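# model this:
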Amino acid sequence: MPQYQWSPPEHPDPPEDQPQGIDGVEWSESVDHAPVWVDVEFSRTGRQRLPGFVDAATDDRVYVQLVHMGFAHRVWLPRERVTRRALKPRRPDW
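All right, here's what the predicted structure looks like:
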């Protein structure tokens, strides 16, 4: 009878969920890093509405940073898929 050699099971990591954006531009206007809601399509989980911040902007597209499932992403999106959001005021004791 052949000797059995134990080895740990192999479970490859699933591919990371990637956002699907549009092509960026070389130059954009300076922005105030406003908080926004981002409507973005991901490769595995589909369409998501997430909080994010603006990094750059042009007339028709916005470069936003967001976090999805623990991973930070930066992606160019059409302006109509990004809307402003308001942050809650800070409590006075902070």
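
# In the chain, which strand is the longest?
strand 46-57 (DSSP state E).

# And that one, what's buried?
50, 52-54, 56-57 (16 or more other C-beta atoms under 10 Å). Backbone N, C-alpha and C define where each C-beta goes, glycine included.

# for stretch 82-91, same thing?
Val82.

# Going along the chain, name the strands of this protein.
Using DSSP E, strands in the chain cover 19-20, 35-42, 46-57, 61-68, 71-78, 82-84.

# Lowest mean pLDDT across those strands, which one is that?
Of all the strands of the chain, the segment with the smallest mean pLDDT is strand 19-20, scoring a mean of 90.

# Using JSON lines, please lay out the strands of the chain together with distance to Pro9.
Shown next, in JSON lines, are these (distance: least, C-beta to C-beta, whole Å):
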{"stretch": "strand 19-20", "distance to Pro9": "31"}
{"stretch": "strand 35-42", "distance to Pro9": "28"}
{"stretch": "strand 46-57", "distance to Pro9": "30"}
{"stretch": "strand 61-68", "distance to Pro9": "28"}
{"stretch": "strand 71-78", "distance to Pro9": "25"}
{"stretch": "strand 82-84", "distance to Pro9": "43"}
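
# Out of those strands, which is closest to Glu26?
The minimum distance between Glu26 and these falls on strand 46-57, with 10.7 Å, by C-beta to C-beta.

# between the closest one and strand 35-42, how big is the angle?
130 degrees (axes from the mean of the first three to the mean of the last three C-alpha atoms, to 10 degrees).

# Output the contacting helices and strands for the longest strand of the chain.
Applying 3 or more C-beta pairs under 8 Å, 6 or more residues apart in numbering; DSSP states H and E, we find strand 46-57 packed against strand 35-42, strand 61-68.

# Relative to the whole chain's centre, how far out is that strand?
Relative to the chain's own centre, strand 46-57 is displaced by 6 Å; criterion: C-alpha atoms, centre = their mean, to the nearest Å.

# how much does that strand deviate in direction from strand 71-78?
Using the same axes, to 10 degrees: strand 46-57 against strand 71-78 is 80 degrees.
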